[in-house]
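[1] got a structure for you, letters missing:
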């Protein structure tokens, strides 16, 4: 052992380090932390772990500072004798009886006031009464080594890569700690974090800490916001409002000062709201936070045809009063500027709140929800009544006016003798809330469903976890807002820096390509391409009218386009300009037929143009690089990382440049240490003071989910009982059942080939019907 240590010390002295590897009596350190770091590095290279043995403080009156500290081997002190610890030695024959009795007592539900948790079985480090240690004492404001014992009473770790598992060597550097925190805030799991760290260190085996250390750090992050979740969230909102006065938030408290609802919206959204308030979507979703508070985003459509959040709320339930509070708070943030049209699902509480807060607004229900329920309720009729399914969907999608829809519906019901059908009568009673014919003059661009809101909710659930805190949820919301703004900036760049490909050489298409955003022009180009599918014929009589017939014998619908020369206006029976804010293919066909060179300005909606986006004024200040010091620790850290990354990228290709950079880093470290010792340490970033009213905020209770409450949780069976039941099921002989469809023995209807064939035919029939409906339209 002694030879091994001596050779290791000699090797260290001849190695890369300029300081001796082995400590010696008389060695001086600037601080006790520096002495501990040196001895721990010595222990790691030699193959053992270290720890703090004992410390001594000054006994002088009025002095309580540290004057001595010992660092010893992790295997120091004598091992405990068998049976030590104050426990009586029992007869081995009664061990099993005692264990069974203890287990039965702990599993009893009425035993004690709190459930007894099972004791963790921990691995204990071996003790060899090792005397190896290093003692340092304070002398003239320096720490000097007074005692150093090199010999160990145990062998060193047999493999060097195993030494890193000692607790003294499992230290997480600050830069790794910040990276773990960043990945944790993005909901990356522990295995992905460790894989990322392994890539940065080269391999996972060179990471100086373990998977458990990372998991413990993440637990610490979660516990930091467990008890003051809402207080921290409100404090964060206050910080955002201090940075941007246009940021708006509101909270709803109960009688116990607990947060029951939360609403917030950023300043930029408040600015652009007035341009995109013409159509909004509202829906709720669960499983986004640990309190089961429903997430209620208010979604709009920007000029790039992208979904944008116009407001966000976390609410306790889905009652009318709660929705009313959300809408009223939203209007307070938007200056009481009501939206024009809104689409929701068929929730009665939402409808009641909308009627009270937004009187006179156009409220439309999601057609997808209506048809999904209709498919469940009317599925049997679709399969058994010939032609009923085709007539049902043609009545919904093929009617242009309310009168046409109502006449077609009544004819369909009477033809199939369905006057007493309960669900059809229910749909008829609320037809003005979902039928497309009732909204032909209202702005719902290129959609009839709340799919934008559903898609945003789905995107949220990819980034949040059901057990996340509200503070973590708000941080993820901020990230999603940044992704939305990044997409918008990218689309604006494409529109300004590039030109789009046109389909034809018509002047109206060239005009549209210069006016619309790239996404809006893509829709316009599709409409231009559809003009070749129609034949146009003039209609004799008063005014200028044209009939448009689709070039398909199956299409029976005839569109009428009217033109008013005095007003220079067009009108089509499809009314799609009112719905989409863009001229339909029928009017475009008439323009091409009459050689129109320019689309009237009133048909070029400003909300689809590039100019509709609010652009911030460009900064006229000259670029000063990094001469301006960033304000926060995070920004300074990021700026320095970018500088060092460029330097390291140049120096990693050769040993010469590597040594230059290594020497430079050591010199910079010495400058930084001297700067700190001289009292020039920078002040840490402090959080802004929270208002006194928000200091005692309580976290919200668990919210009840919508619908029928779940049944009482059943008793959790132990693994042994579950295995016994599974074996019993496998051993039980199954009865010979016959399929109710094909009457074949040993077959069930769910796997019946005839049933499978019918389902496939039904799917083909629905797809064929959908295509025929599109052709008809």
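    Alright, I've got the coordinates. The structure presented is a predicted model; accordingly, all values stated were derived computationally and were not measured.
[2] what residues are up against residue 512?
    Contact partners of residue 512, counting by CB atoms under 8 Å, 6 or more residues apart in numbering, are 521, 524, 599, 604. To be clear about C-beta, it is placed using only N, CA and C from the backbone, and glycine gets the same treatment.
[3] Could you look up the SS state of it?
    Under the three-state scheme (DSSP: H, G, I helix; E, B strand; the rest coil), the conformation of residue 512 reads as helix.
[4] Show me which helix runs longest in the chain.
    As far as residue count goes, and with DSSP state H defining each element, the longest helix of the chain is helix 470-497.
[5] What residues sit buried inside it?
    Taking 16 or more other CB atoms under 10 Å as the basis for neighbour counts, the residues of helix 470-497 that come out buried are 470-477, 480-481, 484, 488, 491-492, 495.
[6] closest to residue 671 among these?
    Proximity of the buried residues of helix 470-497 to residue 671 was ranked by CB to CB; the top entry is residue 475 with 35.6 Å.
[7] just checking, that closest one touches residue 185?
    Yes: counting by CB atoms under 8 Å, residue 185 is a contact partner of residue 475 at 5.7 Å.
[8] can you give me the mean pLDDT across stretch 493-504?
    Averaged across stretch 493-504, pLDDT comes to 89.
[9] The stretch 301-450 of the chain: strands as residue ranges?
    In chain order, the stretch 301-450 of the chain shows strands spanning 307-314, 341-344, 362-365, with DSSP state E, counting those that start in this stretch as the criterion.
[10] can you list these in a markdown table and add mean neighbour count?
    A markdown table is the format used below for those (neighbours: other CB atoms under 10 Å):
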| stretch | mean neighbour count |
| --- | --- |
| strand 307-314 | 23 |
| strand 341-344 | 22 |
| strand 362-365 | 20 |
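[11] Nearest to residue 440, out of those strands?
    Between residue 440 and the strands of the stretch 301-450 of the chain, the tightest spacing by CB to CB is seen for strand 362-365, at 11.5 Å.
[12] if we look at the closest one, which residues are touching it?
    So strand 362-365 is contacted by 340-346, 351, 354-355, 430, 433-434, 439, 442, 444 (CB under 8 Å, 6+ apart).
[13] Can you tell me which of the contacts of residue 512 has the most neighbours?
    For the contacts of residue 512, counting by other CB atoms under 10 Å, the largest number of neighbours falls to residue 524: 24 neighbours.
[14] Can you give me the distance of the residue nearest to that residue when sequence neighbours are not counted to residue 575?
    Counting by CB to CB, 6 or more residues apart in numbering, the nearest residue to residue 524 once its immediate chain neighbours are dropped is residue 512, at 4.8 Å. With distances taken as CB to CB, to the nearest Å, residue 512 is found 20 Å from residue 575.
[15] now residue 539
    When CB to CB is the yardstick, residue 539 and residue 575 sit 18 Å from each other.
[16] Compare neighbour counts for those two and give me the winner.
    For residue 539 and residue 575, the more surrounded residue by other CB under 10 Å is residue 575, and the numbers stand at 17 against 13.
[17] Residue 549: which element?
    Assignment of secondary structure by DSSP states H and E places residue 549 within strand 544-550.
[18] Describe which strands that strand pairs with in its sheet and in which direction.
    The sheet places strand 544-550 alongside strand 534-539 (antiparallel), strand 558-564 (antiparallel), with pairing taken from DSSP bridges.
[19] out of those strands, deepest packed?
    With neighbours defined as mean count of other CB atoms under 10 Å, the strands paired with strand 544-550 peak in mean count at strand 558-564, which reaches a mean of 17.
[20] So which bits of the helix or strand just after it are buried?
    Along the chain past strand 558-564, the next helix or strand (assigned with DSSP H and E) turns out to be strand 569-572. Buried positions in strand 569-572, judged by neighbour count with 16+ other CB under 10 Å: 570, 572.
[21] Please name every helix or strand in contact with strand 569-572.
    With contacts taken as 3 or more CB pairs under 8 Å, 6 or more residues apart in numbering; DSSP states H and E, strand 569-572 sits against strand 558-564, helix 585-593.
[22] buried residues in the following helix or strand past it?
    For strand 569-572, the succeeding helix or strand toward the C-terminus, using DSSP H and E, is helix 576-580. Neighbour-count burial for helix 576-580 flags 576, 577, 579, 580 (criterion: 16+ other CB under 10 Å).
[23] Likewise for stretch 204-220?
    Counting neighbours by 16+ other CB under 10 Å, one finds that the buried residues in stretch 204-220 are 207, 208, 209, 213, 214, 217, 218.
[24] Just the element for residue 52, please.
    Secondary structure here is read from DSSP H and E; on that basis residue 52 sits in strand 50-57.
[25] Each with direction, which strands does that strand pair with?
    The pairing partners recorded for strand 50-57 under DSSP bridges are strand 66-73 (antiparallel).
[26] List the buried residues of the partner strand.
    The neighbour-count criterion (16+ other CB under 10 Å) identifies 67, 68, 69, 70, 71, 72, 73 as the buried residues of strand 66-73.
[27] can you check stretch 135-154 too?
    Result for stretch 135-154 [16+ other CB under 10 Å]: buried residues 135, 136, 137, 138, 143, 144, 145, 148, 150, 152.
[28] follow-up on the earlier one: now intersect the buried residues of stretch 204-220 with the strands, please.
    Taking DSSP state E, every one of the buried residues of stretch 204-220 sits outside strands.
[29] any chance of the residues you listed in CSV, plus pLDDT and distance to residue 163?
    Listed next are the buried residues of stretch 204-220 as CSV, based on pLDDT from 0 to 100; distance: CB to CB, whole Å:
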residue, pLDDT, distance to residue 163
207, 89, 14
208, 88, 10
209, 89, 13
213, 92, 16
214, 93, 19
217, 91, 22
218, 89, 25
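[30] Farthest pair within the residues you listed?
    Within these, two members stand farthest from each other by CB to CB: 208 and 218, at 17.6 Å.
[31] circling back to that earlier point, which one of the buried residues of helix 470-497 is nearest to residue 160?
    The shortest distance between residue 160 and any of the buried residues of helix 470-497, using CB to CB, involves residue 472 and amounts to 39.5 Å.
[32] Look at the closest one and report its pLDDT.
    82.
[33] pretty sure it contacts residue 464?
    Yes: checked against CB under 8 Å, the pair residue 472 and residue 464 is within contact range at 7.3 Å.
[34] any common contacting residues for the two?
    Overlap between the neighbourhoods of residue 472 and residue 464 consists of residue 187, taking contacts as CB under 8 Å, 6+ apart.
[35] picking up where we left off before, could I get the buried residues of helix 576-580 as CSV with pLDDT and distance to residue 553?
    Shown next, in CSV, are these (pLDDT from 0 to 100; distance: CB to CB, whole Å):
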residue, pLDDT, distance to residue 553
576, 91, 24
577, 93, 28
579, 92, 28
580, 92, 28
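[36] mind putting these in TSV, distance to residue 254 included?
    As requested, these are arranged in TSV below (distance: CB to CB, whole Å):
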residue	distance to residue 254
576	48
577	49
579	43
580	45
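[37] what's the closest of the residues you listed to residue 326?
    Distances from residue 326 to these, taken by CB to CB, are shortest for residue 579, at 27.0 Å.
[38] Surely the closest one and residue 439 touch.
    Yes: counting by CB under 8 Å, residue 579 does reach residue 439; the two are 7.1 Å apart.
[39] secondary structure element for the closest residue to residue 79 other than its chain neighbours?
    Nearest-residue entry for residue 79: residue 127, 4.3 Å, with adjacent residues in sequence omitted and distances by CB to CB, 6+ apart. When elements are assigned from DSSP H and E, residue 127 belongs to no helix and no strand.
[40] residue contacts, residue 127?
    When contacts are counted by CB under 8 Å, 6+ apart, residue 127 is found next to 75, 76, 77, 78, 79, 80.
[41] a helix runs through the fifth one, doesn't it?
    Read that as residue 79. No: counting by three-state DSSP, one finds residue 79 to be coil, located in no helix.
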